[in-house]
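Chemist: Whatever this is, show me its structure:
(one chain, ligands or ions: 1)
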Amino acid sequence: MTENLLREEIAELGKSLYDRGLAHGSAGNISVKLADGNWLLTPTNSCLGRLDPAKISKLDGNGKLINGDPPSKEAFLHLAMYQERAKSTAVVHLHSLHAVAVSCLAEIDAGDVFPPITAYAIMQVGKLALVPYYPPGDQSLADAVRKLAGKHHAVLLANHGPVVAGTSLTAAVNAIEELEQTAQLMLLLQGRPTRFLTAGQVAELNQRFPS
Ligand code: 13P
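Modeler: Just a heads-up that it's a prediction; the model follows:
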């Protein structure tokens with residue numbers, strides 16, 4: 001896809017997320033890697049529902065701004081994902097309601113936040129890792145994500161929100177939507193006797209649908 005089409009796709013999917021309440025205000029950011037190693041990132045303080053494709057920031061492989069508006073303060077975090085995941089070409093970060101709620105729970109397994117609720121959560125989100133809390137845009141936050149990114153394409157920033165990498169922007173958006181839905185299911189089911197998938201069922205899914 002050409003750079004211009006990718007710019008339009010970022011704006012289109014940003015609006016779709018915003019229109020369905022998965023993004024609000026100026027929260028969240030989206031990036032896409034270009035074939036030449038440069039990458040596109042939504043500008044800082046922009047609303048994902050009202051992006052101007054022409055103003056989206058373009059950065060080089062070291063995160064230096066080439067053109068467009070000043071980039072998201074989470075540029076380091078997106079870069080850490082790309083540097084640790086060679087096949088990833090898109091990263092989406094949201095402050096979606098239910099995922100943020102789960103990111104604030106006191107007793108969760110930091111290595112595997114979700115219980116095995118549905119097949120699609122296993123297939124699209126996999127083992128969701130919890131990243132300790134650091135302020136938005138902090139280099140320590142990017143460093144903490146870097147440590148986990150090799151093994152996890154989806155991570156949950158404590159008291160903040162999810163970050164998902166994908167092999168295309170559509171794949172990353174689909175996966176972060178699945179993550180949000182799974183977070184909502186987890187909260188809905190809390191305190192209720194639940195039939196989770198068995199370890200054998202999870203292993204079979206991982207074999208049939210390798211990520
Ligand atoms: P930016 O507006 O700088 O992209 O930051 C928004 C955000 O989601 C911070 O985590």
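Chemist: How far off centre is stretch 53-65?
Modeler: Put simply, stretch 53-65 sits 19 Å off its chain's centre (Cα atoms, centre = their mean, to the nearest Å).
Chemist: which stretches of this protein form strands?
Modeler: Using DSSP state E, the strands of the chain run over residues 29-33, 39-41, 57-59, 65-67, 90-93, 129-131, 154-157, 161-166.
Chemist: and among the ones you listed, the most buried is which?
Modeler: Counting by mean count of other Cβ atoms under 10 Å, strand 90-93 has the highest mean neighbour count of those, with a mean of 30. Glycine gets a C-beta too; all of them are placed from N, C-alpha and C.
Chemist: That one pairs with which strands?
Modeler: According to DSSP bridges, strand 90-93 forms sheet pairs with strand 29-33 (antiparallel), strand 161-166 (antiparallel).
Chemist: So which of those is nearest the ligand?
Modeler: strand 29-33 (3.8 Å; Cβ to the nearest ligand atom).
Chemist: elements contacting the longest helix anywhere in the chain?
Modeler: Criterion DSSP state H: the longest helix present in the chain is helix 169-189. Applying 3 or more Cβ pairs under 8 Å, 6 or more residues apart in numbering; DSSP states H and E, we find helix 169-189 packed against helix 3-19, strand 90-93, helix 97-103, strand 154-157, strand 161-166.
Chemist: That one: which residues count as buried?
Modeler: Across helix 169-189, burial judged by 16 or more other Cβ atoms under 10 Å covers 169, 171-186.
Chemist: And that helix, how far out from the chain middle?
Modeler: The answer for helix 169-189 is 10 Å, by Cα atoms, centre = their mean.
Chemist: quick one, that helix and helix 3-19 angle?
Modeler: 20 degrees (axes from the mean of the first three to the mean of the last three Cα atoms, to 10 degrees).
Chemist: Looking at helix 169-189 now, give me its mean pLDDT.
Modeler: Averaging pLDDT along helix 169-189 yields 98.
Chemist: Up against the ligand, what does this protein have?
Modeler: 26-29, 44-45, 72-74, 93, 95, 136 (Cβ under 6 Å from any ligand atom).
Chemist: Contacts only, for the closest residue to Tyr18 other than its chain neighbours.
Modeler: Once flanking residues are discounted, Tyr18 sits nearest to Gly49: 2.9 Å by Cβ to Cβ, 6 or more residues apart in numbering. Neighbour list for Gly49: 14-15, 17-19, 23 [criterion: Cβ atoms under 8 Å, 6 or more residues apart in numbering].
Chemist: With Leu148 as the reference, measure out to the closest residue to Ala149 other than its chain neighbours.
Modeler: Leaving aside its sequence neighbours, Ala149 sits nearest to Glu84 (Cβ to Cβ, 6+ apart; 3.7 Å). Separation of Glu84 from Leu148 (Cβ to Cβ, to the nearest Å): 8 Å.
Chemist: Show me which of the two is the more surrounded one.
Modeler: It is Leu148, of Glu84 and Leu148, that has more neighbours when counted by other Cβ atoms under 10 Å, with 21 against 18.
Chemist: surely the more buried one meets Leu156?
Modeler: No: contact criterion Cβ atoms under 8 Å: Leu148 and Leu156 do not qualify, at 10.0 Å.
Chemist: All set now, cheers.
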